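Trainee: only geometry, no sequence info:
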């Protein structure tokens, strides 16, 4: 399932690797047959929509085989493999673990999905549940659209429900596009319709991108242009020249940029020379910048030297800098030495520095010791420190004992601090408790504070209780950084538990800063949870300002609850009365 973001988001984090996993919780298991009787949104269920179009609805889960085919893992074996996942990615799973999940689910019989959904709710950490929920429901929908849709509609969390319904609808559209499209048209305008429509369009685009584009232009929606990426991506896989010709006729700047972004990697892969000529012909702007960035990987894979020559023809500016950086990163994956030699010869400037950092990122994954040796030949400064930190991070993941031994050979100063930061980050990736123990042995100071914050940031994704308890043991400035790191990593994932933890802390400067961090992150998204901690702000002016802001946000979604809460706050009565009067207008 493609969810909401085109690959242009990686422009800001091009060297990062993270899966895109969404959702948080799932409900107690409900019998699919019962939930399917009445759709939660008041529209026809997939079964009834399918009958209208004259198509045969998929078999139900109860009709699936009760036994596993020869060679397929048992349910218990699949569960055991899921329990082994660590969730090392920015959104729950690392790229390697995402691939593992796809292989694991291939071994799961559709009839086992309801039981598996119950299993992930009870046995797996919260950071993994959302992505697995989407994957499991998509897998279930391949054999039982009706049962999967019924389960998705019964989810209590609107966030989970929207994404899950959209994912199931996308699978359904791949099986019966007409029926799925008819069903989407009945949905009331709003977020759910937009989300479901996106997945249906994606599924249709895989077979007939022209029809998908026509549907997108007819149905519209608040995020219509966002669907153009998947449409033109599928079109470019079939005929990039035709896709480019059709894209040129789009009258929306946003849609045109997305189309260029989608076409460029497919064309660069199938015909690099033609793709480069097309890229050079594009008008300067955001669309061309994104298209260049997306083409850099396939061009580097096809002929990195040719891609480097092409980079020299680009005008100086942001587009060229990003293309050079991405080219360096992809080239280094195949040949780090050649990529480094090329990057070193670039003229001084942002493009050269970014290219060297990109090479370092990939080279360190292959040979962190070699990167460390190279870093020590560089002049002291930010670039040397960046190389050292990346080397230490990768080295610690492979052999933490050997990496710790390297510290003794480094002189005191910024380079040693950078190595410690990378070392701790790498250790925390797989064993945050051991990383925390190591941080405790470091001398007090800036290096220890930064290292502690790094450990906490990763630890909160897997064991927030342990991370938060460890954070409270620090004092002074270190405590401020530690508590803030807990909030940064925990608040959005579990606003209720993190708020409860905040309320139990003794009041000091560190707690006040942590409360303010919590409010700044959550008051717009979860005003009801922000309301539970705002009275802990000791500065009266700041507290009153935050209460007013929370009320204004909360009343949009639940005015009754917001007004009831406002009456219990520490705001002056006259101010409360004035705000309530405005709230009722």
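Mentor: Nice, thanks for sending it over. Nothing here was measured: the structure is a model prediction, and the numbers come from that model.

Trainee: In three-state terms, label residue 551 for me.
Mentor: Classification of residue 551 using DSSP: H, G, I helix; E, B strand; the rest coil returns helix.

Trainee: burial measure for it, as a count.
Mentor: Residue 551 has 23 neighbouring residues, counting by other CB atoms under 10 Å. Quick note: C-beta positions are derived from backbone N, CA and C, even for glycine.

Trainee: What distance do you get for it to residue 560?
Mentor: With distances taken as CB to CB, to the nearest Å, residue 551 is found 12 Å from residue 560.

Trainee: Ok, residue 85 next?
Mentor: Taking CB to CB as the criterion, residue 85 is separated from residue 560 by 41 Å.

Trainee: So the two - more neighbours on which side?
Mentor: The residue with more neighbours, out of residue 85 and residue 560 and counting by other CB under 10 Å, is residue 85; that gives 20 against 8.

Trainee: now the more buried one, nearest residue through space, not along the chain?
Mentor: With sequence-adjacent residues excluded and distances taken as CB to CB, 6 or more residues apart in numbering, residue 85 is closest to residue 97, at 5.3 Å.

Trainee: and residue 210, what does it touch?
Mentor: Each residue near residue 210 by CB atoms under 8 Å, 6 or more residues apart in numbering is listed here: 235, 246.

Trainee: Tell me the secondary structure at it.
Mentor: Here residue 210 is helix, with the state taken from three-state DSSP.

Trainee: so what pLDDT did it get?
Mentor: Here the pLDDT value assigned to residue 210 is 90.

Trainee: Give me the distance between it and residue 512.
Mentor: Applying CB to CB, one obtains 58 Å for the distance of residue 210 from residue 512.

Trainee: Check which helix or strand the residue nearest to residue 85 maps to.
Mentor: Secondary-structure assignment from DSSP states H and E places residue 97 in helix 95-106.

Trainee: and that helix, what other elements does it pack with?
Mentor: If you count contacts as 3 or more CB pairs under 8 Å, 6 or more residues apart in numbering; DSSP states H and E, helix 95-106 packs onto helix 75-83, helix 126-141.

Trainee: residues near the residue lying closest to residue 243 once chain neighbours are set aside, how many?
Mentor: Using CB to CB, 6+ apart and skipping the chain neighbours, the partner closest in space to residue 243 is residue 235 (3.8 Å). When counting by other CB under 10 Å, one arrives at 26 neighbours for residue 235.

Trainee: same check, this time on residue 445
Mentor: When neighbours are counted by other CB under 10 Å, residue 445 registers 11.

Trainee: what does residue 379 give?
Mentor: If we define neighbours as other CB under 10 Å, then residue 379 has 6 of them.

Trainee: try residue 207
Mentor: As a burial measure, residue 207 scores 13 neighbours (other CB under 10 Å).

Trainee: now the protein, which segments are flagged as low pLDDT?
Mentor: Within the chain, the set of residues satisfying pLDDT under 70 comprises 1-72, 86-95, 127, 219-226, 582-585.

Trainee: try 50 this time
Mentor: Applying pLDDT under 50 to the chain flags the ranges 1-70, 89-91, 583-585.

Trainee: where exactly do the strands run in it?
Mentor: In the chain, no strands are defined using DSSP state E.

Trainee: Now for the spatially closest residue to residue 566 that is not a sequence neighbour: which residues touch it?
Mentor: The spatial neighbour of residue 566 that comes closest, neighbours along the chain excluded (CB to CB, 6+ apart), is residue 551 at 5.1 Å. Applying CB under 8 Å, 6+ apart, we find residue 551 in contact with 527, 562, 565, 566, 579, 583.

Trainee: 7 Å instead, please
Mentor: Going by CB atoms under 7 Å, 6 or more residues apart in numbering, residue 551 touches 562, 566, 579.

Trainee: Contacts for stretch 73-81, please.
Mentor: With contacts defined as CB under 7 Å, 6+ apart, stretch 73-81 is touched by 68, 104, 107, 108, 112, 115, 119.

Trainee: Just give me the closest of these to residue 396.
Mentor: When these are compared for distance to residue 396, the smallest value, 27.8 Å, is given by residue 104; criterion: CB to CB.

Trainee: Could you count how many residues lie near that closest one?
Mentor: Residue 104 is surrounded by 21 other residues when neighbours are defined as other CB under 10 Å.

Trainee: Tell me if I'm right that residue 227 and residue 216 touch.
Mentor: Yes: here residue 227 reaches residue 216: they are 4.7 Å apart, a contact under CB atoms under 7 Å.

Trainee: Overlap of the contact sets of the two?
Mentor: residue 201.

Trainee: ok, back up a step: can you add neighbour count and distance to residue 573 and give the contacts of residue 551 back as CSV?
Mentor: Written out in CSV, the entries for the contacts of residue 551 read as follows (neighbours: other CB atoms under 10 Å; distance: CB to CB, whole Å):
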residue, neighbour count, distance to residue 573
562, 22, 17
566, 22, 11
579, 20, 11
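
Trainee: Let's see which of these end up in helices.
Mentor: Using DSSP state H to define helices, the subset of the contacts of residue 551 located there is 562, 566, 579.

Trainee: how close does the first one sit to residue 571?
Mentor: When distances are taken as CB to CB, residue 562 and residue 571 turn out to be 13 Å apart.

Trainee: can you check the last one too?
Mentor: Using CB to CB, one gets 8 Å for the distance from residue 579 to residue 571.

Trainee: same thing with residue 152?
Mentor: Distance of residue 152 to residue 571, given as CB to CB: 41 Å.

Trainee: ok, back up a step: neighbour count for residue 227 and residue 216, which is higher?
Mentor: Comparing residue 227 with residue 216 by neighbour count (other CB under 10 Å), the higher total belongs to residue 227, at 27 against 24.

Trainee: Report the contact partners of that one.
Mentor: 198, 201, 216.

Trainee: Which positions within stretch 201-221 qualify as buried?
Mentor: By neighbour count on 16 or more other CB atoms under 10 Å, the buried set for stretch 201-221 is 201-206, 208-209, 212-213, 215-216, 219, 221.

Trainee: how far does that stretch sit from the chain's center?
Mentor: The chain centroid and the centroid of stretch 201-221 are separated by 25 Å, computed with CA atoms, centre = their mean, to the nearest Å.

Trainee: can you check stretch 279-288 too?
Mentor: Taking CA atoms, centre = their mean, one finds stretch 279-288 lying 28 Å from the centre of the chain it belongs to.

Trainee: Can you check the distance spanned by it, start to finish?
Mentor: Terminal residues of stretch 279-288 are spaced 7 Å apart (CA to CA, to the nearest Å).

Trainee: Touching that stretch from outside, list them.
Mentor: Stretch 279-288 is touched from outside by 256, 257, 260, 264, 291, 292, 295, 319, with contacts defined as CB under 7 Å, 6+ apart.

Trainee: What is the burial count for the third one?
Mentor: For residue 260, the number of neighbouring residues by other CB under 10 Å comes to 30.

Trainee: so what's it up against?
Mentor: 247, 282, 287, 288, 290, 291.

Trainee: so how far is residue 192 from the last one?
Mentor: Between residue 291 and residue 192 the distance, using CB to CB, works out to 32 Å.

Trainee: Correct me if wrong: the residue nearest to residue 85 contacts residue 103.
Mentor: No: proximity of residue 97 to residue 103 does not meet the contact threshold set by CB under 7 Å, at 10.6 Å.

Trainee: and those two? which has more neighbours close in?
Mentor: Set side by side, residue 97 and residue 103 show unequal neighbour counts under other CB under 10 Å, the larger going to residue 97 at 20 against 9.

Trainee: quick one: the more buried one from residue 467, how far?
Mentor: Distance of residue 97 to residue 467, given as CB to CB: 21 Å.

Trainee: can the contacts of residue 227 go into TSV with extra columns for distance to residue 505?
Mentor: Shown next, in TSV, are these (distance: CB to CB, whole Å):
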residue	distance to residue 505
198	42
201	48
216	50
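
Trainee: Appreciated, that's everything.
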